[in-house]
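Student: I'd like to go over a predicted model; first the sequence, then the structure.
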Amino acid sequence: MRRILAAIATLAFTLPVLAGTYRPPAPANDGWAVADAGKLGWHTATLSTLEDKVADGSFKKITSVVVADHGRLVYEHYFNDGSPDLLNDVRSASKSLTAMLVGAAIERGAIRDVKAPVYAFFPEIRIEQPDPRRATVTLEDLLTMSSIWECDDENPASSGNEERMYVTERWLDFALNLPIRGYAPWVSRPKDSPYGRTFSYCTAGSFVAGAVVERATKRPLADFAHEVLEEPLGITKSKWNVSSEGIGMGGGGTRYRSRDLAKLGQLAADSGRWKGKAVLPAAWVHAMLTPHAQARDDADYGYLWWQFRFPIHGVETKVWAMGGNGGNYVFVLPERGLVAVITSQAYNQGYAHPQSQAIFRDIILASMPKP
């Protein structure tokens, strides 16, 4: 009889959990504490509808969703060949990592501050059309997507569109030689724009910001990231891309496991600390998560971080995010201790970003405990 009961217990353990059935994340030897969301006041029935919606095709190409509440993982699920060990290509969410690395380089004295002039780091680069205004381009201009370069990834006709950079032999030369931008009558000039900056999404600029970190620290970007971020956070596996001339790609394409992406979000949520230990300066995280430019009517921009607005229990709330092509996000709401990772492979699909934002808004935020 004892053997029969043991067999039944083993069978029950190995059967898959039905969609819509909540279960807490399993503990792992990676530094994360885990908790039962229901015991913390989450509405787990709403949270678990995510599995049903992925199963019935309402949400497509989602590979993982991981949620942390005040430093404890409360939800973790993988879909569509996603797995705990998959290195997710989060595309432009990598830009937010570059902002973290800039802060780490400043803390170590390798870079003076965000007002450092960019061209001074690359005196060997030949500028085809010298212009004294180029000397005014600062690292902060690149971090806020508001430099004087004519660079707009959302405009295929733009001289600085990222697709033009990718096919060149030397990306750094391409970026530093971008023409000075003009202002069409329907585009606000910096003096007339919120925060005094005209936003234009420019991957070439974040690439150069990463190149500044490499030049200043005399380290490959991936090595510096491992030293100042990955090792302190216990991240043992990642992948960084490089340009055709071998410079670390600070503008996109890094790959991390979902739990490790959540660690990066937790670092932002907890003022640069991981498990109580400072990894980044709190002052830098505060500056990074402060609006410096208006990206759109519905979104502001910090230092390579997005600030969106979402309703939480009927109250419009500002939420910070790392965001990338395909609908990849790390959402951070510091005042509520919330970090939510959504990885997706819906690359270049029009539904990708609205879909991931709907998951965050309609399922994760709707499931949160009321304060």
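Tutor: Sure, I can see it.
Student: going forward, measure contacts and count neighbours with C-alpha atoms only.
Tutor: Noted.
Student: and Ala99, what is it in contact with?
Tutor: Applying CA atoms under 8 Å, 6 or more residues apart in numbering, we find Ala99 in contact with 143, 288, 303-304.
Student: what secondary structure does it sit in?
Tutor: helix (DSSP: H, G, I helix; E, B strand; the rest coil).
Student: Neighbours of Val157, how many?
Tutor: For the record, residue 157 is Ala, not Val. 11 (other CA atoms under 10 Å).
Student: ok, back up a step: could you list which of the contacts of Ala99 belong to helices?
Tutor: Among the contacts of Ala99, DSSP state H puts 143, 288 in helices.
Student: Okay, and the beta partners of the residue nearest the centre of the chain?
Tutor: Centrality entry for the chain: nearest residue to the mean C-alpha point is Met322, 2.4 Å, by CA atoms, centre = their mean. Assessed by DSSP bridges, Met322 has beta-bridge partners Val330.
Student: which residues touch it?
Tutor: Contacts of Met322 by CA under 8 Å, 6+ apart are 92-96, 304-306, 329-331.
Student: which of the residues you listed are buried?
Tutor: With burial judged by 16 or more other CA atoms under 10 Å, the buried subset of those is 92-96, 304-306, 329-331.
Student: how about TSV for those residues, with pLDDT and distance to Gly160 added?
Tutor: Below are the buried ones among the contacts of Met322 laid out as TSV (pLDDT from 0 to 100; distance: CA to CA, whole Å):
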residue	pLDDT	distance to Gly160
Ser92	98	16
Ala93	98	19
Ser94	97	19
Lys95	98	17
Ser96	98	20
Leu304	98	18
Trp305	99	20
Trp306	98	21
Tyr329	98	25
Val330	99	27
Phe331	99	28
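Student: Only whichever of the contacts of Ala99 are buried, select them in PyMOL.
Tutor: Applying 16+ other CA under 10 Å to those, the buried members can be selected in PyMOL as follows:
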select buried, resi 143+288+303+304
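Student: Pull the most distant pair out of the contacts of Ala99.
Tutor: Spanning the widest gap among the contacts of Ala99 are Leu143 and Met288, at 8.9 Å by CA to CA.
Student: what touches both of the two?
Tutor: Joint contacts of Leu143 and Met288 (CA under 8 Å, 6+ apart) are 99, 302-304.
Student: Identify, from those, the entry nearest to Ile247.
Tutor: Ala99 (16.3 Å).
Student: Model confidence at that closest one, what's the number?
Tutor: In this model, Ala99 is scored at 98, pLDDT.
Student: From Thr44, how far off is it?
Tutor: Going from Ala99 to Thr44 by CA to CA, to the nearest Å gives 34 Å.
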